[in-house]
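Enquirer: Kindly return the folded structure for what I paste below:
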Amino acid sequence: MAHVSGVLLLLIGSVASAQETLRTHVVPRWVGTWEAPMASSVDNGCIDCTIRDVIHLSAGGTAVRVRLSNAFGTAPLPVEHTTVALPAIAGGADVAPGMLREVTFGGRAAVTIAPGAEAVSDPVRLAVPAGGDLLVTTYTPGYATPMSYHPVALQRSFFLSGADEADATTAGAFPDQTFVRHFVSGVDVSGPPGAIVTFGDSITDGYRSTESLNRRWPDVLAGRLLRGPASRRFGVLNAGIGGNRVLRDGGTHGPSAARRFDRDVLSRSGVRTVILLEGINDIQEKPHEFDPTKITAELADLAARSRAHGLRVIGGTLTPFKGCICYSLRGEATRQAVNAWIRRSGVFDSVIDFDAALRDPSDPDRMLPAFDSGDHLHPGDAGYEAMGWAVDLSTL
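Expert: Residues are numbered from 1 along each chain as shown. Coordinates of the predicted model:
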């Protein structure tokens with residue numbers, strides 16, 4: 001009996017030990033909270049470069065990991081040192097006391113990223129607030145060019161040439177500023193119930209909204225979600241690239257929507273829904289695409305690819321552009337045909353009528369002046385606000 005009791009105690013102890021191991025080594029469920037899709041490459045002349053990106057998160061979480069990209073590099077990219085931190089003041093480069101953490105990749109501080117690839121960091125124990133900022137700092141030794149980048153950040157970030165200052169806690173370490181993103185392509189957190197990807201062009205990217213105030217329509221959507229129940233506080237990933245087209249690659253405007261969809265949507269963490277708003281650049285930029293069926297066929301294919309991955313897919317109607325230097329009657333007819341298809345085809349799980357949200361009732365081909373940034377193509381802050389409120393949250 002003593003022998004049997006000893007065996008039972010051993011088994012009970014083994015089970016308890018296994019349970020403790022599970023509790024302390026739980027694999028987080030990662031969900032995207034922020035994205036900046038790489039569009040092209042740039043040489044900013046920075047040698048031994050430390051870059052501190054200010055990143056505005058949507059959903060918060062109890063741990064964080066970062067994605068670094070060498071999507072457009074022509075050689076392996078060495079990243080020798082990476083940190084994450086909470087800022088002392090929103091939008092600034094100063095670190096809040098005790099809130100800087102080292103980042104590793106496969107247990108090591110340094111990582112070398114192959115051309116065309118992305119590196120995902122190990123988990124970092126840092127509670128990050130919903131709707132707050134995160135500082136991601138990278139140090140690349142030598143002359144890292146070409147640098148993969150996102151051209152329109154609409155957010156001031158900081159850098160210096162000549163030293164590794166990834167551990168710096170004060171803004172004084174960074175004498176230079178930039179309004180583009182280098183290397184950092186995404187941030188994931190643990191905890192949220194899922195993520196929404198807003199996939200599009202400069203109108204999704206927030207072009208002509210006020211810099212450093214997070215007034216893009218996906219930011220407005222994220223704010224609405226955060227004010228709702230915890231079960232609906234989804235991360236919002238902005239996969240907009242200025243100038244991007246459905247059908248054609250665009251140099252600094254990134255690969256076509258068709259070519260980048262896997263990278264910028266399907267590979268992101270915890271995605272449940274994608275909102276598609278793209279096609280106006282195919283119409284208004286040279287070479288113009290005036291055959292609406294070519295645009296709608298590709299949108300239908302993106303919807304099918306989304307569903308094949310178990311995602312809900314929402315179509316957004318193309319917004320008015322009468323008065324723009326790029327406007328033509330033929331282009332307007334194409335936009336109207338694409339919008340009619342988006343509304344009526346049944347391809348999408350639901351539709352967001354951004355056209356109706358922005359147009360001037362007295363001249364429906366034109367954006368309401370109060371919503372117009374001034375170029376008659378891109379909304380201003382008020383227009384982006386209207387777009388963010390046009391989303392029916394129950395469809396997400």
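
Enquirer: Any idea how many residues pack against the spatially closest residue to residue 113 that is not a sequence neighbour?
Expert: Closest residue to residue 113 apart from its sequence neighbours, by Cβ to Cβ, 6 or more residues apart in numbering: residue 70 at 4.0 Å. For glycine as for every other residue, the C-beta is placed from the backbone atoms N, C-alpha and C. Residue 70 has 27 neighbours, counted by other Cβ atoms under 10 Å.

Enquirer: didn't residue 70 look like it was pressed against residue 111?
Expert: No. Applying Cβ atoms under 8 Å as the test, residue 70 and residue 111 come out as separate, 10.1 Å apart.

Enquirer: Need the residues touching each of these two.
Expert: residue 119 (Cβ atoms under 8 Å, 6 or more residues apart in numbering).

Enquirer: residues contacting the residue lying closest to residue 350 once chain neighbours are set aside?
Expert: Excluding the flanking residues, the one nearest residue 350 by Cβ to Cβ, 6+ apart is residue 395, at 4.1 Å. Residue 395 sits next to 312, 314, 349-350 when contact means Cβ under 8 Å, 6+ apart.

Enquirer: between the residues you listed, which has the most around it?
Expert: Using other Cβ under 10 Å as the neighbour criterion, residue 314 leads the contacts of residue 395 with 23 neighbours.

Enquirer: Surely it is in a helix?
Expert: No. Counting by DSSP: H, G, I helix; E, B strand; the rest coil, residue 314 is not part of a helix but strand.

Enquirer: And for residue 40, the neighbour number?
Expert: Neighbours around residue 40, by other Cβ under 10 Å: 19.

Enquirer: Not counting its neighbours along the chain, what's nearest it?
Expert: residue 252 (4.4 Å).

Enquirer: Then residue 288?
Expert: Counting by Cβ to Cβ, 6+ apart, residue 288 lies nearest to residue 331, which is 6.6 Å off, once chain neighbours are set aside.

Enquirer: give me the number of residues near that neighbour?
Expert: So residue 331, with other Cβ under 10 Å, has 21 neighbours.

Enquirer: does it really touch residue 283, like I thought?
Expert: Yes. Applying Cβ under 8 Å, one finds residue 331 in contact with residue 283, separated by 4.7 Å.

Enquirer: Quickly list what's touching both of the two.
Expert: The contact lists of residue 331 and residue 283 share residue 290, where a contact means Cβ under 8 Å, 6+ apart.
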